[in-house]
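> Just to be clear, the model below is a prediction. Sequence and coordinates:
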Amino acid sequence: MFNASTLWWGMLFGSIGLGFFIYGKKQQAIVPLASGVALMVFPYFVSGTAWLVLIGAALIAVPYFVRL
C-alpha cells in the first residue's frame, strides 16, 4: 500500500510533471510534454518508494538529454 513518503514523492513528481507539461505545450516541444505526462501518471502505477524515486529522476532527466 501507500505510505507517507510514497505520497510525497508522487506529489513532487506530479508537480514537476505539470511544469514540464505546461512548458512543452507553450513551446510546442514534444519531449518535455511527453515527459510531463509520464511524470504525472507513473506514480499511480509504481508502489515502491525506491522505484518511484528512480523512475521519477530518470523521467526528469529525459528532456535534458533528448533534444528533438
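Ah, there it is. Keep in mind that this is a model prediction, so the values were computed, not measured.
> Do a quick rundown of the helices in the chain.
Using DSSP state H, the helices found in the chain span residues 4-27, 30-41, 49-65.
> Columns mean pLDDT and mean neighbour count on top of those, output as CSV?
Any C-beta I mention is one placed from the backbone N, CA and C, and that applies to glycine too. Shown next, in CSV, are those (pLDDT from 0 to 100; neighbours: other C-beta atoms under 10 Å):
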stretch, mean pLDDT, mean neighbour count
helix 4-27, 95, 15
helix 30-41, 97, 19
helix 49-65, 95, 15
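> Would you mind confirming that Ser5 makes contact with Thr49?
Yes. The pair Ser5 and Thr49 passes the contact test of C-beta atoms under 8 Å, sitting 5.1 Å apart.
> The closest residue to Gly19 other than its chain neighbours: what's it in contact with?
Nearest non-adjacent residue to Gly19, counting by C-beta to C-beta, 6 or more residues apart in numbering: Gly36, 7.1 Å away. Gly36 makes contact with 17-24, according to C-beta atoms under 8 Å, 6 or more residues apart in numbering.
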